[in-house]
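In: Below: sequence and its predicted model.
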Amino acid sequence: MDLMDRHCPSCGARDHFNVPQHSRDHWKVCKCAACGFVYLQNPPHYEALVEDFAWEKTQKVEKKRRKTEATLRDVDRLTRWRMRLFRRDEATLFRELFGNGRVLDIGCGLGARLPEPLIPYGIEISRGLYEQANAVMQERGGYAVHAPATEGLKSFDDDFFDGILARSYLEHETEPMTVLTEAHRALKPGGILYVRVPNYGSINRRLTGGQWCGFRYPDHVNYFTVDSLKDMATRAGFELRLTNPLNILVDDNIKACLVKG
Ligand SMILES: [Zn+2]
């Protein structure tokens, strides 16, 4: 298999320390010696990711793994209820943040995440999902593009969007700085990039170690803390505002608005 040999995706430094307790099989998790960013050092090249590690396949493997390993996040009835509540809250949040503006969903899947009256746009790598998303979005005045995220972002004009969603996405992206920089360019001044990523700084990660729900090999390639996300966002020209500041230590996810100044 053709594997990458990554430099730090945040600051570009080469030197790193291995983090053996979070590495698994031949997947190496490491920490940048210069800025402290935690990342998967040797993910498969993009082509292999599409062919061998398509999301649907790794999902199945992960589900099996999780069934056999106890975590603090066993999906009980209460958790399912909370997740439904969260989805509803998220739709409300997007309406509040973006009004009836143009909003791009990176990795938009079926294109159903953006509530009305937003004008939905999407980028999707899976052809089947893209076709369905595009049909849904065109009916509401937007459209989807079938491309990898960086390429898709580059196809939009400067200052075009009121908002961009990177929801459960940046942890998969081998070039997160490029994506943040392109998102910054495509947003209007004052526009918001909404980010949701697993929270490597959570207490749960420290308690459950290698069993933490945020580890997914090899398709989670970046492991953000609030500080490392802020660091990257600042260099791309954003100001970071957490939407879950009060429970950030016990939340397995970081949810943040990155505001274009
Ligand atoms: Zn670094």
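Out: In hand now; what should we look at?
In: how about the helices of the stretch 151-261 of the chain, start to end?
Out: Assigned by DSSP state H, counting those that start in this stretch, the stretch 151-261 of the chain shows helices spanning 176-186, 203-208, 226-235.
In: Could you give me the buried positions within the second one?
Out: Using 16 or more other CB atoms under 10 Å as the burial criterion, the residues of helix 203-208 that qualify are 204-205, 208. Using the backbone N, CA and C atoms, a C-beta is placed for each residue, glycine as well.
In: closest to the ion among those residues?
Out: Ranked by distance to the ion (CB to the ion), the buried residues of helix 203-208 are led by Arg205 at 19.5 Å.
In: Pick out the shakiest of the helices of the stretch 151-261 of the chain, pLDDT-wise.
Out: For those, mean pLDDT drops lowest on helix 203-208, to a mean of 92.
In: ok so, going back, export the buried residues of helix 203-208 to a markdown table and tack on distance to Leu104?
Out: Shown next, in a markdown table, are these (distance: CB to CB, whole Å):
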| residue | distance to Leu104 |
| --- | --- |
| Asn204 | 31 |
| Arg205 | 30 |
| Thr208 | 34 |
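In: Specify which member of these is nearest to Ala91.
Out: Nearest to Ala91 out of these is Asn204 (CB to CB; 25.8 Å).
In: For the residue positioned nearest the centre of the chain, report the pLDDT, please.
Out: In the chain, the residue lying closest to the centroid (CA atoms, centre = their mean) is Tyr169, at 2.3 Å. Per-residue pLDDT puts Tyr169 at 94.
In: do Gly101 as well
Out: On pLDDT, Gly101 comes in at 98.
In: Might you report the residue contacts of the nearest residue to it once chain neighbours are set aside?
Out: In space, and not counting its chain neighbours, Gly101 is closest to Asp162: 2.9 Å by CB to CB, 6 or more residues apart in numbering. Taking CB atoms under 8 Å, 6 or more residues apart in numbering, we find Asp162 in contact with 98-99, 101-103, 187-188, 191-192.
In: a markdown table please, covering these and showing neighbour count.
Out: Below are the contacts of Asp162 laid out as a markdown table (neighbours: other CB atoms under 10 Å):
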| residue | neighbour count |
| --- | --- |
| Phe98 | 23 |
| Gly99 | 12 |
| Gly101 | 15 |
| Arg102 | 20 |
| Val103 | 26 |
| Leu187 | 25 |
| Lys188 | 15 |
| Gly191 | 24 |
| Ile192 | 24 |
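In: Turn these into CSV, including distance to Leu3.
Out: Listed next are these as CSV, based on distance: CB to CB, whole Å:
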residue, distance to Leu3
Phe98, 39
Gly99, 44
Gly101, 41
Arg102, 38
Val103, 35
Leu187, 34
Lys188, 39
Gly191, 36
Ile192, 35
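In: Flag every residue of the chain that's near the ion.
Out: The chain comes close to the ion at residues 8, 10-11, 13, 32, 34-35, 37, as judged by CB under 5 Å from the ion.
In: For the residues you listed, which PyMOL command selects only the ones that are buried?
Out: Buried residues among the residues of the chain next to the ion (16+ other CB under 10 Å), as a PyMOL selection:
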select buried, resi 8+10+11+32+35+37
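In: So in terms of bridging, what pairs with Lys255?
Out: Arg196 (DSSP bridges).
In: number of nearby residues for the closest residue to Lys154 other than its chain neighbours?
Out: Nearest residue to Lys154 in three dimensions, chain neighbours excluded: Glu182, at 6.1 Å (CB to CB, 6+ apart). For Glu182, the neighbour count with other CB atoms under 10 Å is 22.
In: contacting residues around Glu182?
Out: When contacts are counted by CB under 8 Å, 6+ apart, Glu182 touches 150, 153-154.
In: could you flag which of those residues are buried?
Out: Buried, going by 16+ other CB under 10 Å: 150, 153, out of the contacts of Glu182.
In: residues touching Pro245, list them.
Out: With CB under 8 Å, 6+ apart, Pro245 has no contacts at all.
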